[in-house]
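Undergrad: Provided below are the primary sequence and the corresponding predicted coordinates.
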Amino acid sequence: MAATEISSSDDSVVTPSSVEAEKALLGAILHENLLFESVAEFLKPEHFFDPLHQKIFSHISYCIGKGQLANPITIWPFFLQDDLIKEYGGEDYLKNLESYIVSLSHTEDYGRQIFDRYLRRQLILIGDKIKYNAYNVDISSTALDQIECAEQSLFSIATLGTSESNIDFSYAVKLALKQAEVAMRSIDHLIGIPTGLQALDKALGGMHRSDLIILAARPSMGKTALATNIAFQAAQRKKRVAFFSLEMSAEQLALRILGSESKIPSDKIRRGAISEHDMYVLNKASQQLLEIPLFIDDTPALSVSGLRTRARRLHRQQKLDLIVIDYLQLMHAGVHQDGRVQELSFITRSLKSIAKELSVPVVALSQLSRAVEQRDDKRPQLADLRESGTIEQDADVVMFIFREAYYEARKKPSEGSEKMEAWQAKMEKIHHLAEIMIAKQRHGPIKNVQVGFEDSMTRFYDLEDL
């Protein structure tokens, strides 16, 4: 069957295909069914160029999958009502496929060639679509939207045929042993990406690849501060970090990090209430920050598909180790959902999918419901996430931030009252303390970790650092 031509100024250009390789592969498998295993992992019926060859491979796959013999005699009944095969010569076409066999040892090579031509045809289709959309200025999507869509399409075909969902258990055991050995020999005994807080790392074992980690709290508890600390500490250890900030600008985040590293309150830096010496310290601190692999995307109201596209792009360019998102409730699904609860459920499922696809931990910040404020005990609970859909179910780790001093400060008695002294004593004791509550962890127990918090620097630290 002749290859179809592409619309082009060059009439000699034809659609990429390898019909001869298709015949050779089909003939080889019909002759020896065991050869099917060499291509079954990456080759599918739709990868064939010839429509009849698609059907033949599909019927071969069906028979072999059922444990039955696949040869011209056993698959012919599938074609009794098929008019297409009559144009090719009927049952004789199936029998003659074996005549195209050159060498049975080249079967996988034929499969790779067929798959390569399929990818090339997909590239042509994507290119045609890009060209059409770019010319059509009346369509609703912007040029940037089209670029993101094109990147997503390219990434999708780039990953075709590369996934291996079935892993031999013995291989999985070897991987687990290797991870255990790496953790044993490392100074801090971590398998995952460090958070920069030793107490938290001991409880988590670091942030594990493919995990969705939810960091939730009420406003003003320090979610962004902790997320920024984690991202920066990981980047300092040469881990490549993507920080998607839907709330704060890249400049504001940089200011926080600069203030934390220079020990100069960021609000003073912002107001210019600093001395010449402070400016010297800031310049010195900034030089140390210029080379860290931290990438900030501060696009507001980002859709989950847009985030996926940008994360994939960065991963291709930089090979990411960690993704941080601030925060869930500022994202949107990008597709119609029945209500905000369903939309957030779609977002969390998508983020878990991104974590698995890129094999990196994804840390996503989340707001808690106001139910916390209505209780005497203000410590968050997993139930406070339920208004946000399936966050609890999708997450591998759920952590809450709780600072008792935040609530106690709002109970300040009037000056000169009998309670003032007791209140001051309590505030002196707790003002620099914070709890990171691990409420869910697939890899370990739930527990509370006490850390220090420096409000003026928006910085979390290990208490032994005092």
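TA: Thanks, I have the structure now.
Undergrad: what stretches of the stretch 351-466 of the chain score poorly on pLDDT?
TA: Along the stretch 351-466 of the chain, the model assigns pLDDT under 70 to residues 386-389, 465-466.
Undergrad: mind redoing it with 80?
TA: Flagging of the stretch 351-466 of the chain using pLDDT under 80 yields the residue ranges 371, 373-374, 376, 385-390, 392, 409-419, 455-458, 464-466.
Undergrad: What distance do you get for the spatially closest residue to G196 that is not a sequence neighbour to I391?
TA: In space, and not counting its chain neighbours, G196 is closest to Q233: 2.6 Å by CB to CB, 6 or more residues apart in numbering. Every C-beta, even on glycine, is put in place using the N, C-alpha and C of the backbone. Separation of Q233 from I391 (CB to CB, to the nearest Å): 25 Å.
Undergrad: more neighbours, these two?
TA: I391 (24 against 18; other CB atoms under 10 Å).
Undergrad: Verify the stated contact: the more buried one with L344.
TA: Yes - using CB atoms under 8 Å, I391 is in contact with L344, at 7.0 Å.
Undergrad: overlap in contacts of the two?
TA: L328 (CB atoms under 8 Å, 6 or more residues apart in numbering).
Undergrad: what's the distance between K44 and S61?
TA: 8 Å.
Undergrad: same deal with Q450?
TA: On the measure of CB to CB, Q450 and S61 end up 58 Å apart.
Undergrad: Of those two, which one has the most company?
TA: Using other CB under 10 Å, the more surrounded residue of Q450 and S61 is S61, with 17 against 11.
Undergrad: Sort out which residues of the helix or strand containing that one are buried, please.
TA: Using DSSP states H and E, the element containing S61 is helix 51-65. By neighbour count with 16 or more other CB atoms under 10 Å, helix 51-65 contains the buried residues L52, H53, Q54, K55, I56, F57, S58, H59, I60, S61, C63, I64.
Undergrad: again with stretch 392-412
TA: 392, 394-406, 408.
Undergrad: Endpoint to endpoint, that stretch covers what distance?
TA: Start-to-end span of stretch 392-412 (CA to CA, to the nearest Å) is 35 Å.
Undergrad: and what of stretch 197-212?
TA: 19 Å.
Undergrad: Pull the distance from that stretch to the chain's centre.
TA: 17 Å (CA atoms, centre = their mean, to the nearest Å).
Undergrad: Next: stretch 397-408.
TA: With CA atoms, centre = their mean as the basis, the mean position of stretch 397-408 lies at 27 Å from the chain mean.
Undergrad: Where do the strands of the stretch 351-466 of the chain begin and end?
TA: For the stretch 351-466 of the chain, the strands defined by DSSP state E, counting those that start in this stretch occupy 362-367, 397-402, 433-441, 447-454, 459-461.
Undergrad: So which elements touch the second one?
TA: In terms of contacts (3 or more CB pairs under 8 Å, 6 or more residues apart in numbering; DSSP states H and E), strand 397-402 is packed against strand 212-217, strand 433-441.
Undergrad: For that strand, C-alpha coordinates in PDB please.
TA: Extracted in PDB, the C-alpha atoms of strand 397-402 (Å, rounded to 0.1, in the frame of the first residue of the first chain):
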ATOM      1  CA  VAL A 397       2.300  13.000  53.900                       C
ATOM      2  CA  VAL A 398       0.100  15.600  55.600                       C
ATOM      3  CA  MET A 399       1.800  18.100  57.900                       C
ATOM      4  CA  PHE A 400       0.300  20.900  60.000                       C
ATOM      5  CA  ILE A 401       2.000  24.000  61.400                       C
ATOM      6  CA  PHE A 402       0.800  25.100  64.800                       C
END
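Undergrad: Check what contacts it and list those residues.
TA: Contacts of strand 397-402 (CB under 8 Å, 6+ apart): 204, 207, 211-217, 221-223, 226, 368, 378-380, 382, 385, 391-392, 434-443.
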